[in-house]
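Asker: Give me the fold of what follows.
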Amino acid sequence: QWRRRGERKILITCGNIERKRELTKALLVKETCLLRKIEALKNEAHSKVKANKVEQSISKMVQPKTWETSYGDVIVETPETSLAREMKGIHDDVLKKIDKTPARIDLLQRIKLFLHRMHSSTTLVKDILVLVNREIEILQRDTAELGNDMLEGMRMRLTNLFTKLVFKTNTLDGLKATKPKLLINKSLQPITT
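Answerer: As a prediction, the model looks like this:
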């Protein structure tokens, strides 16, 4: 409707064909600009929603498992939740913008040690290790001529791959843990003090 009103206004106010073309072209440029802004805002909103969903999912993975029994709730810390907690810590650090080279190298070394402890040889882990090693090498050489854009691209890729790793490990299975069958002698009463 906005465009139609603009076109009607041009038709009514302009008698010269050249002037109509100029105003129509200006109208199209303005419309294109507005559409780009709308698309950028949509993408930004989509990214925020996606990041929020990832954060909520990871937070659920970190929570210890709780089961209700006749004696109260049983809270169980599983190896999966411990692993998820460690991965969440690393994931949060990867998301932070660390500008200081020694701090970034320390984080990359921590990721590397974590991945070696996992004893996994999947292509995802190998890709993450390649990126980590490449970034460590670039930071240690202090090669500023490569540009900040290249490092930002590598860091974004590392973040995305590490997020995939978080969801592909056993931590996701921890969310779907079934209620364990507890064998409790019904004649026993809890100890009171």
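Asker: ranges for the strands of the protein?
Answerer: Counting by DSSP state E, residue ranges of the strands within the chain are 65-69, 72-76.
Asker: what about the first one, average pLDDT?
Answerer: Yep, that's strand 65-69 we're talking about. In this model, strand 65-69 carries a mean pLDDT of 82.
Asker: helices and strands around it, which ones?
Answerer: Contact here means 3 or more Cβ pairs under 8 Å, 6 or more residues apart in numbering; DSSP states H and E; on that basis strand 65-69 packs against strand 72-76. All C-beta atoms are positioned from the backbone trio N, CA, C, and that covers glycine.
Asker: about what we covered before: of the strands of the chain, give the one that comes closest to Ile17.
Answerer: For Ile17, the closest of the strands of the chain is strand 65-69, at 74.7 Å, according to Cβ to Cβ.
Asker: The closest one pairs with which strands, and in what direction?
Answerer: The strands beside strand 65-69 in its sheet (DSSP bridges) come out as strand 72-76 (antiparallel).
Asker: What's the mean pLDDT across the partner strand?
Answerer: Rounded mean pLDDT across strand 72-76 is 84.
Asker: Dump it to CSV, keeping only the CA atoms.
Answerer: C-alpha atoms of strand 72-76 as CSV (Å, rounded to 0.1, in the frame of the first residue of the first chain):
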residue,chain,number,x,y,z
GLY,A,72,10.7,-37.8,48.6
ASP,A,73,12.6,-36.7,45.5
VAL,A,74,15.8,-38.5,44.5
ILE,A,75,18.4,-36.2,42.8
VAL,A,76,21.0,-38.1,40.7
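Asker: Show me what counts as buried in it.
Answerer: With burial defined by 16 or more other Cβ atoms under 10 Å, not one residue of strand 72-76 is counted as buried.
Asker: Listing request: residues of this protein with sub-threshold pLDDT.
Answerer: 143-147, 170-193 (pLDDT under 70).
Asker: what ranges do the helices span in it?
Answerer: Counting by DSSP state H, the chain has helices at residues 2-13, 17-62, 79-95, 101-118, 123-141, 148-168, 171-175.
Asker: how about those helices in a markdown table, adding distance to Thr69?
Answerer: A markdown table is the format used below for these (distance: least, Cβ to Cβ, whole Å):
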| stretch | distance to Thr69 |
| --- | --- |
| helix 2-13 | 63 |
| helix 17-62 | 22 |
| helix 79-95 | 19 |
| helix 101-118 | 33 |
| helix 123-141 | 38 |
| helix 148-168 | 31 |
| helix 171-175 | 20 |
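Asker: Throw those helices into TSV and include mean neighbour count, thanks.
Answerer: As requested, these are arranged in TSV below (neighbours: other Cβ atoms under 10 Å):
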stretch	mean neighbour count
helix 2-13	12
helix 17-62	12
helix 79-95	17
helix 101-118	15
helix 123-141	15
helix 148-168	15
helix 171-175	17
